[in-house]
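Chemist: let's see this in three dimensions:
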Amino acid sequence: MSQKPMTKTQLVASLSEAASIDKAVANRTLDALAAIVAGEVENGGAVTLPGLGKFACRERPARTVRNPSTGEQIEKPADRAVKVVIAKALKDVVNS
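Modeler: Residues are numbered from 1 along each chain as shown. Model (predicted):
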């Protein structure tokens, strides 16, 4: 796994080739998809991308954490985190 991750430019090029569309259209499509997913998750919703996974917002309760350098206990307020569940289809492709 020493390969570098695919960059956005490479992803746009692959998308434009696979869908037979212009790179500018592929770039706008990718930007729109990211904005739609982010907006839905920000509003507490979930988005499922078939074959890839599900993106959802998860509430994390307030909790006590410890500063590793000083050992001091600190109260961390409640917050939200993005939860991603990878689709079984993608797991099967990776493990085959």
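Chemist: show me what the one helix or strand residue 84 maps to is packed up against.
Modeler: Residue 84 is part of strand 79-86 when elements are defined by DSSP states H and E. Counting contacts by 3 or more C-beta pairs under 8 Å, 6 or more residues apart in numbering; DSSP states H and E, strand 79-86 packs against strand 53-60. In short, each C-beta sits where N, CA and C put it, glycine included.
Chemist: next, the angle from the strand it packs on to strand 79-86.
Modeler: 150 degrees (axes from the mean of the first three to the mean of the last three C-alpha atoms, to 10 degrees).
Chemist: following the chain past strand 53-60, name the next helix or strand.
Modeler: Criterion used, DSSP H and E; the element after strand 53-60 is strand 63-66.
Chemist: rounded mean pLDDT for that next one, please.
Modeler: What strand 63-66 shows for mean pLDDT is 96.
Chemist: could you identify the helix or strand that succeeds that strand?
Modeler: Next element after strand 63-66 (DSSP H and E): strand 73-76.
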